[in-house]
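1. Prediction below, plus the sequence it came from.
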Amino acid sequence: MIQCITKERKQEGYDPMCNGIYYKALSVITALLTISFSLSAEPPHPSGINIRTYHDHKKLERDVLSPNTNFQQLRSEWTSDFEKLLCRNRIDFATVSYFKGHWDQIREIIEGTVLPPDYLEVLISDVCNANCVYCRGGKRHHMISNHFISQTSADQLAEDILRSPVRRMRLSGYVGDPFAAQAYSSSITLGQKLSKTVSFGVVTNGIGFDQKAQETFINAEYVNFSLDAMSEEEHFRLKGRKGFEIVLKHIRDFCSLKSRLQSNVSVRVSFIMRHDILDRAEDIIRELKQAGVNIIIFKTAMKYDDQSRLTPGTWEKIEEELEKLKQRYSDEPDFKVVISDSLNNASEILTNSSIRPSYPRCYFAEHHLTLFADGFFRACCDSFWNNYQIKFGHMDKVLIARDWQEIQRQLKKLNPAKHCSICPRFPNSYNILMNYLSSMNSEYPGYLDWFAHEGLNILSSQCNRIDTPSPMQKNSA
Ligand code: SF4
């Protein structure tokens, strides 16, 4: 208004600076406005800018990102705060790759978009064809039930999935195997009905992964054989039955089928870290590489006795030797050896420390459904430990596409800090970052712009380099 008066008067040939009355009036109004603004405004940020009232995102973005601006201090605060978060928490490499590859989607979620479920984990069977001593941290016997998804239910589920946005699935078992006799035909049904539409990840002990199963899942995204043992004798000791040679045969047959049909399925075989692993590790790596396996993973099993005999000294030696094998055999782009846990991470897993969520919201479960063998949808595959009683309905009554909003409503009752004592590595890392970004974003407008340009780089340079593929990640080798 002041500008308007001044402009009009100037146009009339009248200069207010030369007129005492107008000049004084202008000074008084300006002074009053300044006082009233400074009384009502929030205290300025140390950067000198009151960022809470700074709502011009575009301008903020430009200011934040341009060097030598008033935001320099703010930027360094954000950087050091984020670095502290990374120091305090174990963020794995799979999460970092996922963040980098899906940044646009992640940003949408943080800004409030509710995405439909695009990933479904089906724990199809609680019945198993083995009895591993380390299964679920040695607590399998508490969890065993006779539940498995029947073939009729698998048929209905396939129809439901085809009508839903789910396009990626993982087929596994909680304390069972998808190819144990009782669940076998249901797993095959899902594979046959969905394999043209849905990208499958399959996790099996390999014992029941016979020719028909191999043909059904030959175009899966990946098949992970949890072989775990390195000899027949050890298989018997660890898994309560013979099967080592059978599983090796299934792996070899699957690899030849893959090569014959020129499939892109990623074949993965995992082993458990233990004190005598080096005796056979190189032979096994060579043999499986020759057979056509793509990834060999050395992992930590929770509360497996042999591991407790691993002192930090022996663990370091094993890690060092495995690292050498990794370098020696990683000479082809479609083959790699992965050591999925460092000593520190392993002891965290074995003691459950630092995998206890302290955040209020599970972003992971919000677009990743899990179906248990009892037919109930729950938050994630670790719900048994955590929030088993929080159910999102039975598959006989729930239709994924139709009831998704209702499932989201139910999910709001889940508070990881209260309900979850263990969170698996990938969801935990993912949730830590998502909760952090969300709180920073609500506090500071423009934070996500900064993060897209600088935070992601800090994330890549500082995270733990543990490169097991994440369950949500497409990984060709
Ligand atoms: S354990 Fe992790 S993934 Fe599962 S519901 Fe809790 S926070 Fe979510």
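-> That came in fine, so what should we check first?

2. going forward, measure contacts between C-alpha atoms and count neighbours the same way
-> Noted.

3. excluding its backbone neighbours, what's nearest Ser186?
-> Gln151 (4.5 Å; Cα to Cα, 6 or more residues apart in numbering).

4. typo on my end, Cys380
-> Thr370 (5.3 Å).

5. Equivalent analysis for Leu157, please.
-> Met395 (7.5 Å).

6. Show the contacting residues for the one you found.
-> Leu157, Gly375, Phe376, Phe377 (Cα atoms under 8 Å, 6 or more residues apart in numbering).

7. Verify the contact between the residue nearest to Cys380 and Phe384 for me.
-> No - using Cα atoms under 8 Å, Thr370 is not in contact with Phe384; the gap is 11.5 Å.

8. quick one on the thing from earlier: pull out the buried members of the contacts of Met395.
-> Leu157, Gly375, Phe376, Phe377 (16 or more other Cα atoms under 10 Å).

9. Of those residues, which is the nearest to the ligand?
-> Ranked by distance to the ligand (Cα to the nearest ligand atom), these are led by Phe377 at 11.8 Å.

10. Tell me the secondary structure of the closest one, please.
-> Following DSSP: H, G, I helix; E, B strand; the rest coil, the label given to Phe377 is strand.

11. quick one: it and Gln389 touch, right?
-> No - if you go by Cα under 8 Å, Phe377 and Gln389 don't touch, sitting 10.7 Å apart.

12. Could you tell me how many residues sit around Gln72?
-> 15 (other Cα atoms under 10 Å).

13. should've said Ser76
-> Counted with other Cα under 10 Å, residues neighbouring Ser76 total 11.

14. go on, Leu248?
-> Number of residues near Leu248 (other Cα under 10 Å) recorded here: 19.

15. before we move on, the earlier item: the residue nearest to Cys380 sits in which helix or strand?
-> For Thr370, the element it lies in under DSSP states H and E is strand 368-371.

16. For the stretch 1-150 of the chain, give me the ranges with low pLDDT.
-> Confidence mapping of the stretch 1-150 of the chain against pLDDT under 70 gives the ranges 1-71, 138-140, 142-144.

17. list the contacts for the residue in it positioned nearest to the ligand?
-> Proximity of the stretch 1-150 of the chain to the ligand (Cα to the nearest ligand atom) peaks at Glu121, 11.9 Å away. Contacts of Glu121 were listed using Cα under 8 Å, 6+ apart, and they are Met169, Arg170, Leu171, Ser172, His368, Leu369, Thr370, Leu371, Cys381.

18. Quick one: name the residues of the chain near the ligand.
-> Contacts of the chain with the ligand, taken as Cα under 6 Å from any ligand atom, map to 362, 364-365, 379-380, 382-383, 416, 420, 422-423, 427-428.

19. List just the nearest of these to Lys336.
-> Lys336 lies nearest to Pro427 out of these, by Cα to Cα, at 23.5 Å.

20. Quick one: end-to-end length of stretch 393-407, please.
-> One end of stretch 393-407 sits 8 Å from the other (Cα to Cα, to the nearest Å).

21. Pull out the buried positions in it.
-> In stretch 393-407, residues buried by neighbour count (16+ other Cα under 10 Å) are Gly393, Met395, Val398, Leu399, Ile400, Ala401, Trp404, Ile407.

22. Would you confirm that the fourth one contacts Ala158?
-> No - the criterion here is Cα under 8 Å, and Leu399 misses it with Ala158 at 11.0 Å.

23. ok, back up a step: quick one: which of the buried ones among the contacts of Met395 is nearest to Phe99?
-> Distance ranking of the buried ones among the contacts of Met395 against Phe99, using Cα to Cα, places Phe377 first at 26.1 Å.

24. And the helices in the stretch 101-250 of the chain?
-> Applying DSSP state H, counting those that start in this stretch to the stretch 101-250 of the chain gives helices spanning 103-110, 140-143, 151-163, 181-194, 211-216, 232-239, 244-261.

25. Among these, which comes closest to Ala301?
-> Nearest to Ala301, of the helices of the stretch 101-250 of the chain and by Cα to Cα, is helix 232-239 at 11.6 Å.

26. Would you mark the buried spots in the closest one?
-> Neighbour counts over helix 232-239 (16+ other Cα under 10 Å) mark Glu234, His235, Phe236, Leu238, Lys239 as buried.

27. Now the two most distant members of those residues.
-> Every pair of those checked by Cα to Cα; the farthest is Glu234 and Lys239, at 8.1 Å.

28. Cys301 and Gly137 touch, don't they?
-> No, residue 301 isn't Cys; it's Ala. Yes - between Ala301 and Gly137 there is a contact under Cα under 8 Å: 7.2 Å.

29. quick one on the thing from earlier: so what does the residue nearest to Leu157 have for phi and psi?
-> phi -60, psi -20 (degrees, to the nearest 10).

30. Could you check how far it is from Leu120?
-> Per Cα to Cα, Met395 is found 13 Å from Leu120.

31. Out of the contacts of Glu121, which comes closest to the ligand?
-> When these are ranked by distance to the ligand (Cα to the nearest ligand atom), Cys381 comes first, at 6.7 Å.

32. which residues sit in contact with that closest one?
-> Cys381 sits next to Glu121, Leu123, Tyr174, Thr370, Phe372 when contact means Cα under 8 Å, 6+ apart.

33. got a list of contacts for the helix or strand containing Leu437?
-> Secondary-structure assignment from DSSP H and E places Leu437 in helix 425-443. Residues outside helix 425-443 that contact it (Cα under 8 Å, 6+ apart) are 52, 89-92, 94-95, 110-111, 355, 357, 359-364, 447-448, 470-471.

34. Got the domain ranges for the protein?
-> Domains of the chain are assigned by automatic domain parsing as 2-40, 60-122+358-477, 124-351.

35. Where among these is average confidence lowest?
-> Across those, domain 2-40 has the smallest mean pLDDT, namely a mean of 39.

36. so which pair among the contacts of Glu121 is furthest apart in space?
-> Among the contacts of Glu121, Ser172 and His368 lie farthest apart (Cα to Cα), at 14.7 Å.

37. Looking at the two now, which is surrounded by more residues?
-> Ser172 (25 against 21).

38. My guess is the more buried one contacts Leu120. True?
-> No - counting by Cα under 8 Å, Leu120 is not a contact partner of Ser172; they are 10.9 Å apart.

39. How about the contacts made by Ile218?
-> By Cα under 8 Å, 6+ apart, the contact list for Ile218 reads Phe254, Leu257, Lys258, Ser263, Val265.
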